[in-house]
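# A structural model of the following input is requested.
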Amino acid sequence: MSGFLTELLASASLFLRQPLESFCDVETNHTDAVHQDRLVTLRGEYVSVLRVNGLRTMCSRADVEAVAEQQRIELQGLLEGTGHVIEGWYISDPDQARVAVDLLALNGCEQISRMMNADFHDIINERRLRWPQVMRWEDACYILWTRPAVLTREEKKQVAAERKEQVKAWPKAGSGQRFTLRSELMAGRHDAFVARVQDSMSNLGISTTLLRADESITLARETLYRETAGSGWKPTLVGDPVMPRLPDDEKQSKKTENLLWPSLRDQIFNADAENQGGQLVTVGDYTYAPVDMLLGPEDPRPFSELLNTLGRKRLPWRSSMILEGGGKAAFAIKETGATMLGMFPGNKDITRAFQAIKRMRETENHNSVRMRMTASTWAPVGEDKLLRRRAADLSQGLESWGGCKTTRVPGDPLEAAMGSVPVLSLGSTATPALAPLGDAMGMMPWMRSASPFPQGSILFRKPDGGIWPFDPTGGGVREHIADIIVAPPGSGKTVLGNTILLGLLLSSAAMGNNGVKLPLLAKLDIGHASLGFIEMVRNALGPDRAHEAIFVEMQMAPGFEVNIFDLQVGLEYPLPLEEVAIDNFVSLLATPLDGQPFEGMDQLVGDVIAEAYRQCTGVAGGNPKHYREGIEPLVDEAIHRLGLQLPHHAAAEGDLDSADPTWWRDVVTALIAAGEHRLAGIAQRHAVPVLQDLIAAARAPEIFNRYSKIVLPTHETLIDAFERYIMAAIKKYPTLSEPTQLDLGDARIIVLDLARVAPQGSESANRQTALMYMLGRYLIGRNFFLHPEYADLPVMPDNVREYHRSRFTEMKETIKRLDLEEWHRPKEAPQVDKQAIRDVREGRKHNVQLSFISQRSGDFSADLVGQSTARWILKCGDEREANEMIENFKLTPASAYVVRNRLPGPGRNGAPFFVVMNAAEGKYEQLLVNVLGPIELWAFSSTPNDTALRSRLFARMPSSRALRCLAIVFPGGSAEKELARRKALAMKSSFLQDEQAQQGVMDALVDEILSGQGIAGGLYERLEAMDEQQRAAA
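Residues are numbered from 1 along each chain as shown. Model prediction:
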């Protein structure tokens, strides 16, 4: 009897909606292997939540109207009757940004940093402080409801019979989840509805994600209790493992319901609600102020305009807009009333409104729907003054959105606030409006900037303050990464490039089958712009591992020799892609400065290179290189230490210097057999061809007979011209014609600075620069393009096959990135472009990311642009460059407007950029902002004065401390304005020349920072406080 009475009272309270639990209609889930989204209410309704990530591309106002119209056409058939409901739900919470930043990015970055035994504490903490100040967490969903009204009378009978059978088959659920409310017939109708909506949105370029049932319940609970957001709570649903309950009461403990899944109401609600007068209600740790739409807008506007208005105020708020059928019947009744009252002058406007809707329905087949919208804002308990101000801002924002009318006195504030909580029930205290479906769809929360990545190690900011996750690994949606980054000098492109590199370093790219290691990152640059990035990484790694990140200033000097003909250890011939790179390099050497190659030169180059390698082997007619002690002391020591017995060979005919020679190739083989592969690689540098060997190879009878008859316009044979160019290269570039001496060791992050060897200003200088780019790319990226299948090629000797298979497998599985800065410098050389395009095409197969960075879109060939998978634009310069960029990148009108008008360059709130990116769902076009903290800005800066100041401080103190000092003294990330101010004063007061003044103010500024005086006053006290905080955190 008591159990019956309890259930009766519970049902009565549910009907009267008194306790907080009474606002939860969701009863259980109905999921299977295919459909993980379905929830069922106590009335037999089915509910699914479709997360609306937003638009993949930029839209103009006309585009927005077109998308809304297409949604109307696609979906109006679903909303003819009362069987389906679409609820557009949105939430924005700047106070939740800290939690979101951690969950989306920084927790993962910290974990990777710990696993690598690297200390990126300063950077991660700075992001944790900086990003929440300018970003806000947001979410948007379509909550899709299917009511039993969708069924025919006969189908309703079938559902009733189906449920009756389930009740008989299962034990009584009692206070647990009533899973017998499920119906396969209703589920089928609901699934078709959900699929129709999702497909419609996808076809219109709107990215969506269908949430699982447990994710939907979690979303509802975290919305209801804001203090639980990000807690990791999950509900227990039908099908989940559940621990039996054992109540103290013996009678209750014997009930079968204790073995079943507990009620969702018991799981969701952990604190009751309390009304605070007629406008506020407290739920948990927050007090809420609901705002209802009293009258719909006079001029319906896109939801994005409301976002922008409220986003600027950093206001926490949420809203629910319910669109349901039944508008046709309601229209008929109200039209009759309006006609009857139309004789009164005050009702003429109402009559005209109904006539307008009637015309839309008759001429354009527009449906009308019942539309209700309610919103809420909140503040911590006790902050009523703040909350009322926020409620006023929310009300004003809504009323400015096309002329809506709102009310802050809904009657029952709890019921009004619960109207903007998703999933739990379908209700609203707002006054229903009769709206054309096209207008209503335009007001729904789908016009946001979508990201293809659910999370990532980098977070960009949307213009409205939202968070845009970016996963530099590709996140499974960018299988092929080839970036083009373009902007005039000083627009932030180097900073963006280094941001991506650091993001890759702190991402899952560091995780492989052989443990957590630094990813393989390489960069060709002109100047010291990336020195700060390398120093940051070296500091994080500590002194014992600093060698894993190096900055190399390439020079034409002893110790910097690099031989393009180097091979993988143990091989006598290059791998296919290595052969292509060598061919391109030698072809460039043998091409006139006007860039037009001689007829037949490409074929000659290929044959000569093959012959040069052949002559370095022990085949008949070959002339292997002779081993001489004293050339490589480490190799000599290993031979003696290991007691290696090296073979001797008969001297070649005419070789008077070596009567009983040993070949370097023998040394390589012996060291490989002893397991000394690194030393074998050093020995092999002397066993392969160098540039001089090409001359002898070109004179080989077979090649000479084939090409000597070709006479060029210069009246010399092709072979003579080839020899002339090779001899000139040997004389001009001595470091290219000797065995390799530049050893990058075990470095995994390499920046190669070509400033000293890449001149500009003449055709000869441009040629040298192109050669250095190709040589640099080969030096730092040669091992990037390795694949396990190459271990089975005929050129692979048996004694190293398995060794290289293991190496190549690890290399293939490791994410690698190669950045090439200042791409305008080598652009005139077709061989460089040819090599770049080949690298891009092979990048996906070899798991290699590539990035080409330059100042103008015209610096990239049409083929390279066509092969690229993302174009990052930070600024467009003048109108001519804007037109060229729009044409070269095939931008849409909406994107072209952004490029012309919304990329002012770096500012106080970050560096805006526009990106066009290919991803799994399709093309993404987004305007975003790169926001960094001062330490990162100082580490990544490429501004000449800032890099000079940074370099001087690096020379006087540890680089990590120097970056922290600069970040404290100049938190904006630049000292340009202060240096300019001081320089102007110095020139005015002492009549110094420009360079003298610049030198003087730079020295004075460095001295002030070192002493903690002047502009740096209090610097060391703040540093000590930061150190103390870090020690406390540790």
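
# Find the centremost residue of this protein, please.
Phe470 (1.9 Å; C-alpha atoms, centre = their mean).

# which residues does that residue contact?
451, 453, 456-460, 503 (C-beta atoms under 8 Å, 6 or more residues apart in numbering). For every residue, glycine as well, the C-beta is placed using N, CA and C.

# what do you get if the cut-off is 6 Å, keeping everything else the same?
453, 456, 458, 460 (C-beta atoms under 6 Å, 6 or more residues apart in numbering).

# Where neighbours are concerned, which of those has the most?
For those, counting by other C-beta atoms under 10 Å, the largest number of neighbours falls to Phe460: 26 neighbours.

# So that one versus Gln926, what's the distance?
8 Å (C-beta to C-beta, to the nearest Å).

# Relative to Asp607, how far out is the closest residue to Glu599 other than its chain neighbours?
Sequence neighbours aside, Ile710 is the residue nearest to Glu599 in space, at 7.2 Å (criterion: C-beta to C-beta, 6 or more residues apart in numbering). Applying C-beta to C-beta, the value for Ile710 to Asp607 is 13 Å.

# Please state the backbone phi and psi of the residue nearest to the centre of the chain?
Per-residue torsions, Phe470: phi -140, psi 120 (degrees, to the nearest 10).

# State the pLDDT value of it.
Looking at Phe470, its pLDDT reads 98.

# And Arg221, by the same measure?
97.

# thought it was touching Ile268?
Yes - the pair Arg221 / Ile268 is scored as a contact, 5.1 Å apart, by C-beta atoms under 6 Å.

# List the buried residues in stretch 285-298.
Going by neighbour count (16 or more other C-beta atoms under 10 Å), the buried part of stretch 285-298 is 286-294, 296-297.

# Check stretch 714-721 too.
Neighbour-count burial for stretch 714-721 flags 717-719, 721 (criterion: 16+ other C-beta under 10 Å).

# List just the nearest of those to Ser200.
When the buried residues of stretch 714-721 are compared for distance to Ser200 (C-beta to C-beta), Leu718 comes out closest, at 64.1 Å.

# Starting from the longest strand anywhere in the chain, tell me which strands it pairs with and how they run.
Longest strand in the chain by number of residues (criterion: DSSP state E): strand 368-380. Strand pairing for strand 368-380, determined by DSSP bridges: strand 286-295 (antiparallel), strand 317-324 (antiparallel), strand 433-436 (antiparallel).

# May I see the ones you listed arranged in a markdown table, with mean pLDDT as well?
Listed next are the strands paired with strand 368-380 as a markdown table, based on pLDDT from 0 to 100:
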| stretch | mean pLDDT |
| --- | --- |
| strand 286-295 | 95 |
| strand 317-324 | 97 |
| strand 433-436 | 91 |
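
# Asp299 versus Gly475, what's the distance?
For Gly475 relative to Asp299 (C-beta to C-beta), the value is 40 Å.

# Which one's more surrounded, those two?
Using other C-beta under 10 Å as the criterion, Gly475 and Asp299 rank with Gly475 on top: 19 against 9.

# That one contacts Phe453, doesn't it?
Yes - counting by C-beta under 6 Å, Gly475 does reach Phe453; the two are 4.7 Å apart.

# What's the local residue count around the residue nearest to Glu599?
With other C-beta under 10 Å as criterion, Ile710 counts 17.

# does it really touch Met601, like I thought?
No - using C-beta under 6 Å, Ile710 is not in contact with Met601, being 9.2 Å away.

# where does the stretch 1-150 of the chain have low pLDDT?
Along the stretch 1-150 of the chain, segments meeting pLDDT under 70 span 1-18.

# those helices in it, which residues are they?
With DSSP state H, counting those that start in this stretch as the criterion, the stretch 1-150 of the chain has helices at 2-16, 61-75, 97-101, 107-115, 121-134.

# Of the ones you listed, flag the one that's most buried.
The highest mean neighbour count among the helices of the stretch 1-150 of the chain, using mean count of other C-beta atoms under 10 Å, belongs to helix 97-101: a mean of 21.

# Identify all contacting residues around it.
Contacts of helix 97-101 (C-beta under 6 Å, 6+ apart): 131-132, 135-137, 229-230.

# please redo it, this time with the cut-off set to 7 Å
128, 131-132, 135-137, 229-230, 459, 467 (C-beta atoms under 7 Å, 6 or more residues apart in numbering).

# and if you look at stretch 523-534?
With C-beta under 7 Å, 6+ apart as the criterion, stretch 523-534 contacts 494, 498, 501-502, 549-551, 749, 751-755, 758, 773, 776-777, 819-822, 825, 938-942, 947, 950-951.

# follow-up on the earlier one: among the contacts of helix 97-101, name the buried ones.
So, by 16+ other C-beta under 10 Å, the buried ones in the contacts of helix 97-101 are 128, 131-132, 135-137, 229, 459, 467.

# quick check, nearest of those residues to Lys168?
Ala229 (42.1 Å).

# got the buried residues for stretch 171-180?
Neighbour count says stretch 171-180 has 173-180 buried, by 16+ other C-beta under 10 Å.

# nope, stretch 907-926 is what I meant
910-919, 924-926.

# and the two most separated of these?
Farthest-apart pair in the buried residues of stretch 907-926 is Gly910 and Asn918; separation 24.6 Å (C-beta to C-beta).

# so what's the backbone phi/psi at the nearest residue to Leu521 once chain neighbours are set aside?
Nearest non-adjacent residue to Leu521, counting by C-beta to C-beta, 6+ apart: Ile749, 4.6 Å away. Per-residue torsions, Ile749: phi -120, psi 120 (degrees, to the nearest 10).

# just for the chain, where's the confidence low?
Where the chain drops to pLDDT under 70, the residues are 1-18, 173, 246, 248-257, 327-366, 651-659, 989-998, 1033-1034.

# care to break it down by domain?
By the record's domain assignment, the chain is partitioned as 25-96+136-273, 276-315+323-436, 480-560+746-871+882-888, 943-1033 (automatic domain parsing).

# how about the ones you listed, which one is nearest Glu629?
domain 480-560+746-871+882-888 (20.8 Å).
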